[in-house]
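**Student:** fold the stuff below for me.
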Amino acid sequence: MGRKLFCDINPTCYKISVKKEILLRNIKDLLSFEKIAKNKSNKELPVIIKGHMSILVRKLYGVDIKLQENKVKNIQIACDKINGIIIHPGETFSFWRLVGNPSRENGFVDGLVIGRSGFYAGVGGGLCQMANLVHYLVLNSPLEVTELHHHSDALFPDERRRVPFGTGTSVRYNNVDYRFKNNLDMDVQVLAWIKDGNVCGELRCEKEIPYRYKLVEEDHHYAKEGKDYYRISKVYRITIDKKTNKEVKKELILNNHSCVMYDHSLIPKEEIR
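**Tutor:** Purely as a prediction, here's the structure:
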């Protein structure tokens with residue numbers, strides 16, 4: 001057996017490790033020349049680049065529904081922090097610099113936290129869905145993603161999925177952040193709100209951009225490797241010229257090879273190769 005990591009020795013060591021990572025991120029940001037967006041506006045920019053919504057409460061196999069319901073409160077707090085943020089040219093959007101520490105003191109409650117090849121209850125759980133929404137908007141734009149951490153495993157079977165598998169992002173305060181940079185010559189804005197059981201978002205800008213974007217998942221299937229099953233697919237982003245409606249670029253943005261962590265009997269048999 002290999003030596004245990006310091007963070008795995010006991011809960012106290014884990015807390016020390018987390019505090020160390022938070023401190024290192026704070027030092028890194030302090031020494032960085034990165035300009036973090038911080039100005040918000042109640043006035044909406046006129047052009048919608050992309051809008052999207054996702055269901056807040058889903059029945060996930062093996063998960064207490066209460067954690068899903070608590071997630072709604074956590075995401076509402078995050079929406080209030082993010083809604084209306086203006087990202088000026090050259091500035092960077094930082095999820096955690098806007099949302100802040102997801103602690104009980106800041107109003108957050110226990111929700112579903114994904115980590116260490118599994119899930120558990122934790123304060124601020126469910127905020128990944130908020131980051132996922134922002135990331136999906138950005139993927140449908142020419143903006144530059146500068147920090148992204150993919151979930152490595154397939155933890156749940158699909159339940160009313162609206163986007164290609166694997167296009168989400170993991171966030172953990174504050175060293176595992178989600179960031180993108182405004183590389184355009186105009187302001188962009190993120191709107192976020194909750195309505196009718198969905199978390200909704202829009203990415204807006206000051207003037208029309210010449211392209212629209214589409215995400216497609218290809219060659220999706222499951223494969224058995226040893227005792228495990230893996231969910232496999234490729235996700236492409238297609239750039240389309242708005243004037244001609246012709247495809248001008250197709251780029252691979254994700255090559256999924258994710259270990260299935262849920263009951264293998266729930267895998268659709270017709271999708272196994």
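
**Student:** residues touching the residue nearest to residue 101 when sequence neighbours are not counted, list them.
**Tutor:** Nearest residue to residue 101, sequence neighbours excluded (CB to CB, 6 or more residues apart in numbering): residue 173, at 5.9 Å. Backbone N, C-alpha and C define where each C-beta goes, glycine included. Going by CB atoms under 8 Å, 6 or more residues apart in numbering, residue 173 touches 22, 96, 101, 102, 124.

**Student:** wait, isn't the last one in contact with residue 71?
**Tutor:** What it means is residue 124. No: counting by CB atoms under 8 Å, residue 124 sits too far from residue 71 to count as a contact (9.4 Å).

**Student:** got any residues that touch both of those two?
**Tutor:** Between them, residue 124 and residue 71 share the contacting residues residue 111, judged by CB under 8 Å, 6+ apart.

**Student:** list the buried residues of the helix ranked longest in the chain.
**Tutor:** The longest helix of the chain (DSSP state H) is helix 11-31. Neighbour counts over helix 11-31 (16 or more other CB atoms under 10 Å) mark 21, 22, 25 as buried.

**Student:** same question for stretch 35-49.
**Tutor:** So, applying 16+ other CB under 10 Å, buried residues of stretch 35-49: 37, 45, 49.

**Student:** ok, now stretch 137-156?
**Tutor:** 137-143, 145, 147-149, 153-156.

**Student:** the stretch 1-150 of the chain: strands as residue ranges?
**Tutor:** Assigned by DSSP state E, counting those that start in this stretch, the stretch 1-150 of the chain shows strands spanning 39-40, 47-55, 85-87, 92-94, 110-115, 118-123, 144-147.

**Student:** these into TSV, with extra columns for distance to residue 206?
**Tutor:** Output for these, formatted as TSV (distance: least, CB to CB, whole Å):
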stretch	distance to residue 206
strand 39-40	14
strand 47-55	7
strand 85-87	10
strand 92-94	16
strand 110-115	36
strand 118-123	38
strand 144-147	18
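
**Student:** out of the ones you listed, the one nearest residue 79 is which?
**Tutor:** strand 85-87 (11.0 Å; CB to CB).

**Student:** coming back round to it: so which of the strands of the stretch 1-150 of the chain is nearest residue 186?
**Tutor:** Of these, the one closest to residue 186 (CB to CB) turns out to be strand 47-55, at 9.3 Å.
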